[in-house]
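>>> only the shape, not the letters, is given here:
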């Protein structure tokens, strides 16, 4: 159990660190790719306010591109099997809860099975 808690803490911190590496440009295609990649890794979508707070010179086009890319990546991420995700030990941040209300339950059921088997 102690190892599971340490692992979860590490994944949360690692997730936060990687989300802070925002693109340095305002190029819409770069932001769209960034949004898609973040969602595909299961990160929570940053709000416009959070983006501005972290990159004060971001423009509306980049924010919109980030959101559009995020939606694509979120659909990809949420199309995976939540039971397989739970068995893999990967941390789930809740990005599919609005898309599939049973995703979290299936993830938790299989992740607790995974933890018992450790």
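Received the coordinates, thanks. Treat the numbers as computed from the prediction; the structure is a model and nothing was measured.
>>> what about residue 42, neighbour count?
A count of nearby residues for residue 42, using other C-beta atoms under 10 Å, gives 21. For glycine as for every other residue, the C-beta is placed from the backbone atoms N, C-alpha and C.
>>> surely it and residue 77 touch.
Yes. Applying C-beta atoms under 8 Å as the test, residue 42 and residue 77 come out as touching, 5.7 Å apart.
>>> any residues in contact with both of these two?
Counting by C-beta atoms under 8 Å, 6 or more residues apart in numbering, the common neighbours of residue 42 and residue 77 are residue 95.
>>> what ranges do the helices span in this structure?
With helices called from DSSP state H, the chain shows them at 2-19, 28-40, 48-54, 60-78, 82-88, 103-116.
>>> what's the most buried one of those helices?
With neighbours defined by mean count of other C-beta atoms under 10 Å, none of the helices of the chain is more surrounded on average than helix 28-40, at a mean of 20.
>>> give me phi/psi at residue 43?
The phi/psi pair for residue 43 (degrees, to the nearest 10) reads phi -70, psi 150.
>>> for the remainder of this discussion, apply numbering that starts at 6.
All right, first residue 6 from here; so that's residue 48.
>>> separation between it and residue 116?
18 Å (C-beta to C-beta, to the nearest Å).
>>> can you pull the contacts of residue 101?
79, 82-83, 87, 108-109.
>>> who touches residue 53 in this structure?
Residue 53 is in contact with residue 68, counting by C-beta under 8 Å, 6+ apart.
>>> next, work out how far apart it and residue 69 are.
For residue 53, the distance to residue 69 equals 9 Å [C-beta to C-beta].
>>> any idea which of the contacts of residue 101 is closest to residue 27?
residue 79 (18.2 Å; C-beta to C-beta).
>>> surely residue 88 is in contact with residue 117?
No. With contact defined as C-beta under 8 Å, residue 88 does not reach residue 117; the gap is 11.3 Å.
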